[in-house]
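J.: next come a sequence and a model predicted from it.
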Amino acid sequence: MSSAAAHAVVVALGATLGAAPLAITAASSQVPVTPDSPTARQWLHDELTNPIYHQGPSLLERFLTWLRDLFDGVSVAGLSGGWAALVLVAVIAVIAAVALYVSGPVRRSRRARHAPVLGIDDIRSADDLLAAASRAASLGDFGAATLDAFRALARRSEERTILDPAPGRTAHEAALMIGARLPGLAPALADGATSFDAIYYGKVPADSTSYEQMRGLEAAAAATRPTALTSAPATVAAP
């Protein structure tokens, strides 16, 4: 690879990262500027085999495979020490950026918008969930109590065949589907889902009032006769 080609690689990688050239240059100053070919390959191998880059989904795995194939057989011996170090630092920076996207704050913030109501391993009945809510409330843990009360609402809707069982369903998805069968409670269900998300992610504190309101909503849903479902409810986006 020539110095001109190496420069093109660095520019392209910098554009991908959206990083200023000075940032990459500064990073390159942290490594030896005259690595030989075996040392350069070892740097890249060590970075690619870091466990953090293998915990993401298959998209990241495919990227790493492509990157290995791209540099397989490419020698850095023909580059000056500075260019070799710069190319390697740029490649490592791209890998780090991809890993950060897969497992970092951006990814977590997207997941945070969709709170699951019932997990795959949660097999508790509606009555079990209400009992758990009562125990939590008696201990002053109104956050857990309020969440379990909404979970009980969702589970009882499954038990009454108002809602098809689907582990991982979000609070707003559950509220929308239950509201299609209990239209008189649709606004209250939507508010309950919003409260569930807010408490689940610590955006607002729960208290005895929020717990009692959620218990009341669960009781109202349990006492309401469902209407026939004429059409599938539209998908709703979490706020």
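T.: Okay, I see it. Numbering: from 1, shown residues only.
J.: pLDDT score assigned to the nearest residue to residue 218 once chain neighbours are set aside?
T.: Leaving out its chain neighbours, the residue that sits closest to residue 218 by Cβ to Cβ, 6 or more residues apart in numbering is residue 153, at 4.2 Å. Bear in mind the C-beta positions are built from the backbone N, C-alpha and C, glycine included. Looking at residue 153, its pLDDT stands at 97.
J.: contact partners for residue 153?
T.: Applying Cβ atoms under 8 Å, 6 or more residues apart in numbering, we find residue 153 in contact with 126, 178, 192, 214, 217-218, 221-222.
J.: cutoff 10 Å now
T.: 117, 126, 129-130, 163, 171, 174-175, 178, 185, 189, 192-193, 196, 214-215, 217-222 (Cβ atoms under 10 Å, 6 or more residues apart in numbering).
J.: next one: residue 140
T.: Residues 207-208 are the ones in contact with residue 140 under the rule Cβ under 10 Å, 6+ apart.
J.: ok so it is a strand residue?
T.: No: if the criterion is DSSP: H, G, I helix; E, B strand; the rest coil, then residue 140 is coil and not within a strand.
J.: how's this structure carved up into domains?
T.: 3-110, 126-223 (automatic domain parsing).
J.: which of the ones you listed has the lowest mean pLDDT?
T.: Of all those, domain 3-110 carries the lowest average pLDDT, namely a mean of 56.
J.: from residue 171, how far off is the residue nearest to residue 218?
T.: Distance, residue 153 to residue 171, by Cβ to Cβ, to the nearest Å: 10 Å.
J.: shared neighbours of the two, anything?
T.: Common neighbours of residue 153 and residue 171 (Cβ under 10 Å, 6+ apart) are 117, 189, 192-193, 196.
J.: okay, those in TSV with neighbour count next?
T.: Putting the shared contacts of residue 153 and residue 171 into TSV (neighbours: other Cβ atoms under 10 Å) gives the following:
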residue	neighbour count
117	26
189	27
192	28
193	27
196	26
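J.: out of those residues, which sit inside helices?
T.: Among these, the members falling in helices (DSSP state H) are 189, 192-193, 196.
J.: redo those residues as a markdown table? Include distance to residue 205.
T.: Below are those laid out as a markdown table (distance: Cβ to Cβ, whole Å):
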| residue | distance to residue 205 |
| --- | --- |
| 189 | 22 |
| 192 | 17 |
| 193 | 18 |
| 196 | 14 |
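J.: identify the farthest-apart pair in those.
T.: 189 and 196 (10.3 Å; Cβ to Cβ).
J.: mind listing the shared neighbours of those two?
T.: 150, 153, 171-172, 174-175.
J.: now those residues in JSON lines, with secondary structure and distance to residue 207?
T.: Shown next, in JSON lines, are these (DSSP: H, G, I helix; E, B strand; the rest coil; distance: Cβ to Cβ, whole Å):
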{"residue": "150", "secondary structure": "helix", "distance to residue 207": "15"}
{"residue": "153", "secondary structure": "helix", "distance to residue 207": "19"}
{"residue": "171", "secondary structure": "helix", "distance to residue 207": "19"}
{"residue": "172", "secondary structure": "helix", "distance to residue 207": "22"}
{"residue": "174", "secondary structure": "helix", "distance to residue 207": "23"}
{"residue": "175", "secondary structure": "helix", "distance to residue 207": "21"}
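J.: which of the shared contacts of residue 153 and residue 171 sits closest to residue 158?
T.: residue 117 (10.3 Å).
J.: verify the stated contact: that closest one with residue 177.
T.: No: with contact defined as Cβ atoms under 10 Å, residue 117 does not count as touching residue 177 (11.1 Å).
J.: who touches both of the two?
T.: 154, 163, 166, 169.
J.: correct me, but the second one touches residue 189?
T.: Going back to what we said before, that points to residue 163. No: using Cβ under 10 Å, residue 163 makes no contact with residue 189, being 11.1 Å away.
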